[in-house]
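**Student:** Sequence and predicted structure, then a few things I'm wondering about:
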Amino acid sequence: MTRLRHILGLGFWLVALPCALGAPPPQEWIIEPLTGEGYAWFEFAHEKFLAGGTNGVIVRYGGAVLTADSVTVDENSGEVAADGRVRILRDDQIWASEHVRYNFLTRRIEAEQFRTGKPPVFAAGQDLHVEVTNKVYAATNALITTDDVRQPGVIIRAKYLEIIPGQRIRARHATLYLAGVPVFYFPYYSRNLGEHPNNFDLIPGYRSSFGPYLLGSYTWFLSPELDGRLHLDYRVRRGLGTGPDFNYHLGRWGDGSLRYYYLHDLNPQADVAGASIPDNRQRVDFSYQAMPATNLAVKSRVRYQGDTNLVREFFEGDYRQNPQPNTFVEVNKFWQNFSLDAYLQPRLNAFLETVERLPDVRLTGYRQQLGGSPLYYESESSLGYYRHLFAETNSLPTGIDYAAGRGDTYHQVLMPETFFGWLNLTPRVGGRFTYYSEASGPGARWDEETRGVFNTGAEVSFKAARVWPGLRSDFLDLAGLRHILEPSVNYVFVPRPNVLPHQLPQFDSELPSLELLPLDFPEFNALDQIDSRNVLRLGLGNKLQTKRNGAIVDFLKWQVYTDWRLQQSQDQTNLSRFSDVYSDLALKPRSWLTLESKTRYDVQDGVWRLALHTLTLQPNNVWSWSLGHFYLHSDDLSSRTGLGVGNNLFINTIFFRLNEDWGLRASHYYEARTSTLQEQAYTVYRDFRSWTAALTFRLRDNPLGPQDLTVAFTFSLKAFPRYGPGGDTRLPYSLWGG
């Protein structure tokens with residue numbers, strides 16, 4: 001017997017010889033012992049090359065790998081006879097058996113018994129063979145499962161099985177078994193082995209306004225370019241709802257979706273008593289996004305709904321993300337220093353107040369250096385036709401809509417400088433010219449106007465830092481500490497323009513906001529609300545940084561800022577010299593403990609106008625706890641930027657994993673202002689090894705109608721999960737089909 005490495009040396013020489021003579025090199029056969037002390041025999045006669053091995057052998061050829069206790073290889077035909085713990089790996093799929101004949105060239109497999117798998121589907125059976133012409137593997141008396149365990153809980157047994165590796169698995173005369181109990185028979189069963197398998201999705205439950213319900217959908221994948229979902233929902237008290245979703249993927253020509261839903265509502269006033277809502281309710285949602293050429297982007301969204309409450313009642317997730325959806329088409333073209341944007345926004349839903357832009361074309365000049373000078377230039381110019389359409393409802397007056405054309409151009413020059421190596425100073429000066437056509441419409445009361453605005457100002461800032469490298473604290477998880485201090489002052493001066501805001505139609509004006517709005521141009525985009533300004537924005541930033549796991553992290557990040565109105569404009573006479581003081585704080589004393597705080601303090605009246613605090617603890621994967629408080633002081637709605645009725649909301653969410661099989665989660669929303677537990681939800685999770693289930697109870701106080709009780713059951717195969725990791729935590733309403 002000759003050691004395998006000597007045989008391989010002769011084999012490599014025989015392979016190299018034809019190459020030296022000018023023949024094309026064949027693919028390389030590699031035959032090695034698995035443990036380093038394997039033995040092989042070698043024979044070469046009449047152009048036939050045979051090799052074999054025992055005591056554990058590995059064979060590699062053409063991207064395929066075979067291991068077995070013993071093998072015999074015929075290089076000319078590619079045939080391998082393997083015995084004992086045979087494993088074949090090809091195209092990321094593993095085949096296992098005790099006795100196999102495998103052809104590395106044709107991929108033909110013959111085995112009396114086999115096991116194979118590529119997550120998420122695994123199979124086993126008898127009498128395996130392959131149809132060489134179409135690479136279809138066929139077997140009899142087979143089973144299919146998505147459980148990668150010795151004793152799977154969910155299996156399908158079939159008399160005949162076909163496998164197309166990486167594509168599809170088909171079974172005939174198949175029976176579904178749950179925990180060994182037969183529950184369903186399939187004359188024909190097919191499962192996609194690709195990235196997106198077709199599947200059914202069911203959510204049974206009960207809701208006060210729905211009665212018992214069953215939300216069903218079928219997800220299908222026609223091709224890499226087109227997939228979708230068909231919804232079929234039945235709610236006992238509301239009726240049948242249905243509609244398709246289409247998702248298209250066109251490569252460089254973009255991606256998008258088209259969703260339609262229709263419901264003939266048996267009781268449209270069930271959720272909102274006394275509301276005027278039609279029986280036939282429907283929605284259309286279309287989206288498109290593409291970059292058909294370099295630096296050219298196209299976006300579009302069309303959202304239509306037949307009434308005000310359809311999305312709020314039946315698509316809670318969409319409603320929470322955007323309660324007032326708009327429709328638009330936007331095209332952007334980018335260059336190095338400029339961008340051109342065309343934006344079209346019509347109104348499709350008459351019950352929503354909308355500013356139509358038909359269209360709005362904007363040319364933006366990014367900040368850029370003027371030649372070799374110390375000066376920088378930026379600009380923004382727009383041209384469009386606008387219509388301010390107010391909501392058409394029974395409670396609001398109509399006939400006050402108005403429209404006008406507007407052209408605006410703004411240009412600014414800046415000169416950033418650094419003094420003493422640490423002091424940053426950026427003075428600026430700019431001006432804008434705006435033209436308004438004569439307004440039209442039943443609410444029009446403005447003539448043609450031209451407005452000029454001049455602005456100047458400067459921003460001053462610096463950064464100071466100190467390091468304590470030897471500071472250590474196990475309690476606070478500190479390994480060194482660095483403090484960064486960043487004071488800033490931004491001065492803005494705008495003299496009184498020749499035309500005041502009340503003399504102009506309002507399309508882009510200041511809106512209520514929890515945050516402090518931008519101060520200087522062009523970030524301040526309330527174009528029709530521009531008035532005189534003489535303001536200092538004072539800011540102070542603090543950072544405490546440390547090292548954790550070899551990376552620099554922010555132990556503390558704190559920003560405090562306010563406006564000092566040196567001179568008040570005409571629309572600010574009711575405001576104090578100082579705006580509210582804003583504070584944004586993020587504290588992470590441990591890697592598993594985070595505290596976030598946002599506050600807004602009214603200096604003049606001595607009241608907190610806003611307080612938002614969140615404390616999150618996640619020390620391990622066993623439990624986590626989040627506590628939150630949101631306070632909003634009540635505002636006068638007569639003010640242009642008033643926020644209306646306030647809040648004093650406490651939020652509590654806790655998750656606890658009892659063991660590997662059971663988990664619990666509870667959430668509470670308590671409104672202290674009205675002493676009302678607005679919402680409470682409890683979910684029990686169960687891991688059934690091959691699939692997971694969740695039973696959710698939710699009770700919500702409905703200020704517009706009766707209390708809303710929901711009980712829902714959701715389940716998901718682990719091999720084909722309904723949601724991504726943590727999806728039910730980020731979007732809890734998905735647990736009851738919202």
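**Tutor:** Thanks, I have the structure now.
**Student:** Counting by contacts, list what the helix or strand residue 405 falls within packs against.
**Tutor:** Taking DSSP states H and E as the definition, one finds residue 405 inside strand 402-414. Using 3 or more C-beta pairs under 8 Å, 6 or more residues apart in numbering; DSSP states H and E as the contact test, the elements touching strand 402-414 are strand 376-389, strand 423-436. C-betas here are computed from N, CA, C, even on glycine.
**Student:** for residue 366, helix, strand, or coil?
**Tutor:** Secondary structure for residue 366, judged by DSSP: H, G, I helix; E, B strand; the rest coil, is strand.
**Student:** can you tell me how far it sits from residue 106?
**Tutor:** Going from residue 366 to residue 106 by C-beta to C-beta, to the nearest Å gives 60 Å.
**Student:** can you check residue 672 too?
**Tutor:** Applying C-beta to C-beta, the value for residue 672 to residue 106 is 74 Å.
**Student:** next one: residue 354
**Tutor:** As judged by C-beta to C-beta, residue 354 and residue 106 stand 65 Å apart.
**Student:** When those two are compared, which one has more neighbours?
**Tutor:** Neighbour count, other C-beta atoms under 10 Å: between residue 354 and residue 106, residue 354 has more, with 19 against 14.
**Student:** Give me the phi and psi for that one.
**Tutor:** phi -140, psi 140 (degrees, to the nearest 10).
**Student:** Pretty sure it sits against residue 326.
**Tutor:** Yes. Under the criterion of C-beta atoms under 8 Å, residue 354 makes contact with residue 326 at 6.8 Å.
**Student:** Give me the common contacts of these two.
**Tutor:** When contacts are counted by C-beta atoms under 8 Å, 6 or more residues apart in numbering, residue 354 and residue 326 are jointly contacted by residue 345.
**Student:** any low-confidence regions in the stretch 51-200 of the chain?
**Tutor:** Within the stretch 51-200 of the chain, the ranges that satisfy pLDDT under 70 run 119-120, 131-134, 148-149, 166, 192-197.
**Student:** That one: strands as residue ranges?
**Tutor:** Counting by DSSP state E, counting those that start in this stretch, the stretch 51-200 of the chain has these strands, from start to end: 57-61, 64-68, 70-74, 79-90, 93-103, 109-118, 121-131, 136-145, 154-164, 168-178, 181-192, 199-207.
**Student:** And for the residue nearest to residue 236 when sequence neighbours are not counted, the neighbour number?
**Tutor:** In this structure, residue 236 finds its nearest non-sequential neighbour in residue 211, 3.6 Å apart by C-beta to C-beta, 6 or more residues apart in numbering. By other C-beta under 10 Å, the residues close to residue 211 number 15.
**Student:** Same check on residue 210?
**Tutor:** Residue 210, neighbours per other C-beta under 10 Å, totals 24.
**Student:** shouldn't it be in contact with residue 233?
**Tutor:** No. If you go by C-beta under 8 Å, residue 210 and residue 233 don't touch, sitting 9.4 Å apart.
**Student:** quick one on the thing from earlier: beta partners of the residue nearest to residue 236?
**Tutor:** Per DSSP bridges, the residues bridged to residue 211 are residue 207.
**Student:** What residues does it make contact with?
**Tutor:** If a contact means C-beta under 8 Å, 6+ apart, then residue 211 has 235-238 as its contacts.
**Student:** And for residue 529?
**Tutor:** Residues near residue 529 by C-beta under 8 Å, 6+ apart: 501, 506, 508-510, 571.
**Student:** give me that answer again for 7 Å
**Tutor:** Contacts for residue 529 (C-beta atoms under 7 Å, 6 or more residues apart in numbering) come out as 501, 509-510.
**Student:** what residue ranges in the stretch 501-650 of the chain score low on pLDDT?
**Tutor:** Filtered on pLDDT under 70, the stretch 501-650 of the chain yields the residue ranges 568-575, 636-642.
**Student:** how about the strands in it?
**Tutor:** 533-548, 551-567, 581-590, 593-602, 607-617, 623-632, 647-657.
**Student:** Just put those in JSON lines and tack on distance to residue 430.
**Tutor:** JSON lines is the format used below for those (distance: least, C-beta to C-beta, whole Å):
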{"stretch": "strand 533-548", "distance to residue 430": "13"}
{"stretch": "strand 551-567", "distance to residue 430": "19"}
{"stretch": "strand 581-590", "distance to residue 430": "26"}
{"stretch": "strand 593-602", "distance to residue 430": "29"}
{"stretch": "strand 607-617", "distance to residue 430": "32"}
{"stretch": "strand 623-632", "distance to residue 430": "35"}
{"stretch": "strand 647-657", "distance to residue 430": "39"}
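**Student:** out of those, which comes closest to residue 252?
**Tutor:** Among these, the nearest to residue 252 by C-beta to C-beta is strand 551-567 (37.1 Å).
**Student:** Quick one: list the elements packing against the closest one.
**Tutor:** Helices and strands touching strand 551-567, as assessed by 3 or more C-beta pairs under 7 Å, 6 or more residues apart in numbering; DSSP states H and E, comprise strand 533-548, strand 581-590.
**Student:** Using TSV, please lay out those together with mean neighbour count and distance to residue 87.
**Tutor:** Output for those, formatted as TSV (neighbours: other C-beta atoms under 10 Å; distance: least, C-beta to C-beta, whole Å):
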stretch	mean neighbour count	distance to residue 87
strand 533-548	18	42
strand 581-590	17	46
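**Student:** right, and those strands - which one's nearest residue 600?
**Tutor:** Nearest of the helices and strands packed on strand 551-567 to residue 600, taken as C-beta to C-beta: strand 581-590 at 5.5 Å.
**Student:** What helices and strands are in contact with that closest one?
**Tutor:** Using 3+ C-beta pairs under 7 Å, 6+ apart, strand 581-590 is in contact with strand 551-567, strand 593-602.
**Student:** can you list contacts of the first one?
**Tutor:** Put plainly, it is strand 551-567. Residues from elsewhere that reach strand 551-567 (C-beta under 7 Å, 6+ apart): 516, 534-546, 572, 575, 577-588.
**Student:** Ok, the last one next?
**Tutor:** Contacts to strand 593-602, defined as C-beta under 7 Å, 6+ apart, come from residues 580-588, 608-617.
**Student:** any low-confidence regions in the stretch 301-450 of the chain?
**Tutor:** Across the stretch 301-450 of the chain, residues meeting the criterion (pLDDT under 70) sit at 394-399.
**Student:** contacting residues around the residue nearest to residue 427 when sequence neighbours are not counted?
**Tutor:** The spatially closest residue to residue 427, leaving aside those adjacent along the chain, is residue 458, at 4.2 Å (C-beta to C-beta, 6+ apart). Residues in contact with residue 458 (C-beta under 7 Å, 6+ apart) are 425-428, 491.
**Student:** Give the buried residues for whichever strand or helix holds residue 458.
**Tutor:** If you go by DSSP H and E, residue 458 is part of strand 449-462. Using 16 or more other C-beta atoms under 10 Å as the test for burial, strand 449-462 gives 449, 451, 453, 455-459, 461-462.
**Student:** Name every strand pairing with that strand and say which way it goes.
**Tutor:** Applying DSSP bridges, strand 449-462 is found paired with strand 423-436 (antiparallel), strand 478-494 (antiparallel).
**Student:** Number of residues surrounding residue 150?
**Tutor:** Here the number of neighbours of residue 150 (other C-beta under 10 Å) works out to 5.
**Student:** can you check residue 518 too?
**Tutor:** Neighbour count of residue 518, defined by other C-beta under 10 Å: 12.
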